[in-house]
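*Asks:* Following is a predicted model, sequence given first.
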Amino acid sequence: MKVIVPEIQINAIEELPVFQHTSFDFETADERIIGFLNEFSRKIIREASFKQAPAFIALGFWLRKSNLRSMVSDRIQLIAQGPFTAQPLGTIFHLCPSNVDTMFFYSLTLALLGGNKNIIRVSSRMDDPLVFRLFELLNELLSTETHQIFRNYINIVTYERNDAQNKAFSERADARVIWGGDATIDQFKQYKTKKRVKDLYFADRVSYSLINTTAEQTDTAMAQLVKDLFNDVYTFDQMGCSSPHCLFFVGTEENNTTYRNYIYKNLSAMAQEVYERDLSSMASFKFNKATDDLIDDAVSSLVRDNNYLVLSKVETHDIPHSCGMGYLYYTSLNTLDAIVPYLNEKTQTLGHWGFSEKELTALNAVCPPHSVDRIVPVGKALEFDHIWDGYDIFGELIKYRSVRSK
Amino acid sequence: MTFENYIEAEQFSFDKTEKDTLFLSLLNDLHKHHLGNSEEYQKISAGFFQEDERIASMADTPFVPVSIFKNRLMKSIPEEDIYKVLTSSGTTSSVPSRIVLDKATAALQTFALSKIMNHVLGKNRLPMLIVDSKSILKNRKTFSARGAGILGLSVFGKQHLYLLDDEFKLIKSALQEFAKKHNGQPILIFGFTFMVWQYLAEAELDFELDLSNAILIHSGGWKKLEAMAVDNDTFKTKLKNKFGIAKENIYNFYGMVEQVGSVFLENSDGYLHCPNFSEVIIRNPKDFSVQPHGEEGLIQVISLLPKSYPGHSILTEDIGVVMGEDDASNGWKGKYFKILGRAKKAEIRGCSDTFNN
């Protein structure tokens, strides 16, 4: 096991500062925590190597103190009204995904704001130099006198698949935040934990985008739609759980076809210009997927002029869960509520474009309760919300104590 | 021209015009056969390529991804006609390709390989030196491309001598014996490219080994040697200087389990040459359009042999470039090309891979 943050070497996990340091020093949403994160935000935004990396810049902005305060304000107000107080849950073990490089920091932040101590396991397969730069910046901040206390609150480790390590952390954690998807969840449910452990599971999910083809749109709006779709689809190679797997064109058959063709032409052109990928592997990947889907009758036809984008027509409500690198399913709906049969407990994010407030309210009303955790504009699919997969993560990682004087 | 007449013709004898007519016509028969007998091929042909029963040009031939043979059992014959299923684990994946053969296709593969090999070896079987260990054939785990290659090629030689013992050490005494008998005589040597380099080209011998009349055939790719900065010319020069093997008698070849038989043999210019049985097309990864000669892309291999399974047109994950056509310096007709590498495995990371690697 390697400890990345802080930069220390240990022989046993008990030597990690989170275990060595036994007191809890912060109140919920303590100003010192917000100050520390805000300073880290400034470091990220100023960092030259992140200038071309939107995911890192987005993290930087998300960590600004105004945003941190607004995320926790509802909960803090509620606590202030009593009759209860809030305490940290204790030591939180975060198991972070490798497909979204910055994810670990969102998870960490929401737990830290509650005053918790954190062990964050990042994937040993992370290889983006920018992530390592992020660790460096964090280590720099933790070595300042003002912020060195956070060395006891943020321990980032990495190790290869290892049952013993996972068990050891699982036994010691007061809460586990498991971002690994279905297989990982099954694995972690087998480990012995504290009786009162609180687990937040983030399972495999799929996301869709809904596009209203009825309203008249300006050229500018259409160009923006293409840009927003590009961000949702191609960021992280379309492998985020919130990356859309299927486009639903909502309107008349004729309008839907016009939109589909417009989007194919312009989105693939944009990908050709901007999407940096090994072309041969991108081509092979899509070709394998498309031929598989055709053979399995999962799709009826393809829209494909080039290998930057493949749109595969689905005919049933059962949409396959395999996308990546600009391989998208699509279908045509006459009305917005026709989406309902496609929604189930796997559905996470619905992106929307071109709908009125009223229509969105109606959409929310018809979504089955166990389905759909987010309804957000196209272009915001990968923007991290502090309420994620239906959890208010900050609120979940706090312990409430009832206090009544009589 | 009938199929029988076509395959009997002397190898490397058809030029572009003939390939565009004779080869295309036979390919059309094959395309039609697979459309009617493989549902998978029919669906890919219609769904991905919008092709019907008649292909207008070679470039219009639908192709299937090479990985399909790992994921599915592809066949264009009834169950009861299956004679054997070839498997190979390849080099990069643990999932083996499975190739369904009937007797006719198996026989055709053997025939085609002989036609191509005899073209450079002559009709007589030569004493044969195999740069490998016999244990490679016994061990089922490592018996894959290498074992199959050795077995396939050994029919072209006689008095086979495996150069390495079970510990992959050179059996010097046996080689010395072989040298005594065959020094300066026509012999056949076969081995995997990096094995030939490591165990023959780099061998330290305290006796004379005269291979001036030997023919060396090797396969397996240059990846390992490239890492050691050994290219084709360095390879040939060393073997020439050390044992006197004539450069024009050293043949690299490129073949795959998905198209056994119609192998590509190195021509006198150092490029892999399409035999009469097969053809390559380089595809632009941006849109699968045909790349002009000199431009690199994914290699599509087309072969007239696969009838029992729809593998007559396959898109490989190898990257190559066509270097010319009909104008090789040794007079061979047909396209010739070189391989530049392999497409990086699509290493995209899912959210479920934090733990399950």
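*Replies:* Nice, thanks for sending it over. Numbering: from 1, shown residues only, chains lettered A, B, ... in the order given.
*Asks:* Check whether B:Pro65 really touches A:Asn288, as I assumed.
*Replies:* Yes - counting by C-beta atoms under 8 Å, A:Asn288 is a contact partner of B:Pro65 at 5.0 Å. C-beta here means a position set from N, CA and C on the backbone, and glycine is covered the same way.
*Asks:* Quickly find the element holding residue 300.
*Replies:* Since you didn't name a chain, this refers to chain A. In the assignment (DSSP states H and E), A:Ser300 maps to strand A:299-303.
*Asks:* that's the other chain; I wanted chain B
*Replies:* With secondary structure defined by DSSP H and E, B:Gln300 is part of strand B:296-303.
*Asks:* Can you confirm whether that strand lies near chain A?
*Replies:* Yes - using C-beta under 8 Å from any C-beta of the partner chain, we find that strand B:296-303 touches chain A at B:Gly297, B:Leu298.
*Asks:* I'd like the mean pLDDT over the helix or strand just after that strand, please.
*Replies:* Per DSSP H and E, the first helix or strand lying C-terminal to strand B:296-303 is strand B:313-325. For strand B:313-325, mean pLDDT is 96.
*Asks:* Sheet-wise, list the partners of strand B:313-325 with their directions.
*Replies:* When pairs are called by DSSP bridges, strand B:313-325 turns out to pair with strand B:64-65 (parallel), strand B:296-303 (antiparallel), strand B:335-342 (antiparallel).
*Asks:* Now do the SS call for the nearest residue to A:Ala86 once chain neighbours are set aside.
*Replies:* Once flanking residues are discounted, A:Ala86 sits nearest to A:Thr28: 4.3 Å by C-beta to C-beta, 6 or more residues apart in numbering or on different chains. Secondary structure, DSSP: H, G, I helix; E, B strand; the rest coil: A:Thr28 is coil.
*Asks:* circling back: tell me the helices and strands packed up against the helix or strand following the strand holding A:Ser300.
*Replies:* Tracing the chain C-terminally past strand A:299-303 and defining elements by DSSP H and E, one meets strand A:310-314 next. Secondary-structure packing of strand A:310-314 (3 or more C-beta pairs under 8 Å, 6 or more residues apart in numbering or on different chains; DSSP states H and E): helix A:253-274, helix A:279-295, strand A:299-303, strand A:327-333.
*Asks:* which other residues reach the strand holding B:Gln300?
*Replies:* Counting by C-beta atoms under 8 Å, 6 or more residues apart in numbering or on different chains, strand B:296-303 makes contact with A:280, A:283-284, B:27, B:58, B:61, B:63, B:256, B:259, B:261-262, B:277-285, B:288, B:291, B:311-321, B:337, B:339-340, B:343, all of which sit outside it.
*Asks:* ok, 7 Å please
*Replies:* The contact list for strand B:296-303, computed with C-beta atoms under 7 Å, 6 or more residues apart in numbering or on different chains, reads A:280, A:283, B:27, B:58, B:61, B:63, B:259, B:262, B:277-285, B:291, B:312-316, B:318-321, B:340, B:343.
*Asks:* Just want the angle from it to helix A:279-295.
*Replies:* For strand B:296-303 against helix A:279-295, the angle by axes from the mean of the first three to the mean of the last three C-alpha atoms, to 10 degrees is 40 degrees.
*Asks:* got the buried residues for the helix or strand hosting B:Gly149?
*Replies:* For B:Gly149, the host element (DSSP H and E) is helix B:145-154. Neighbour-count burial for helix B:145-154 flags B:Ala145, B:Arg146, B:Gly147, B:Ala148, B:Gly149, B:Ile150, B:Gly152, B:Leu153, B:Ser154 (criterion: 16 or more other C-beta atoms under 10 Å in any protein chain shown).
*Asks:* now swap in stretch B:212-224 and tell me
*Replies:* Using 16+ other C-beta under 10 Å as the test for burial, stretch B:212-224 gives B:Asn213, B:Ala214, B:Ile215, B:Leu216, B:Ile217, B:His218, B:Ser219, B:Gly220, B:Gly221, B:Trp222.
*Asks:* ok, how many other residues are close to the closest residue in space to the first one that isn't next to it in sequence?
*Replies:* By that I understand B:Asn213. Distances taken as C-beta to C-beta, 6+ apart place B:Pro186 nearest to B:Asn213, at 4.6 Å, with adjacent residues excluded. By other C-beta atoms under 10 Å in any protein chain shown, 15 other residues sit near B:Pro186.
*Asks:* Give me the phi and psi for B:Pro186.
*Replies:* Phi and psi for B:Pro186, reported as degrees, to the nearest 10, are phi -70, psi 120.
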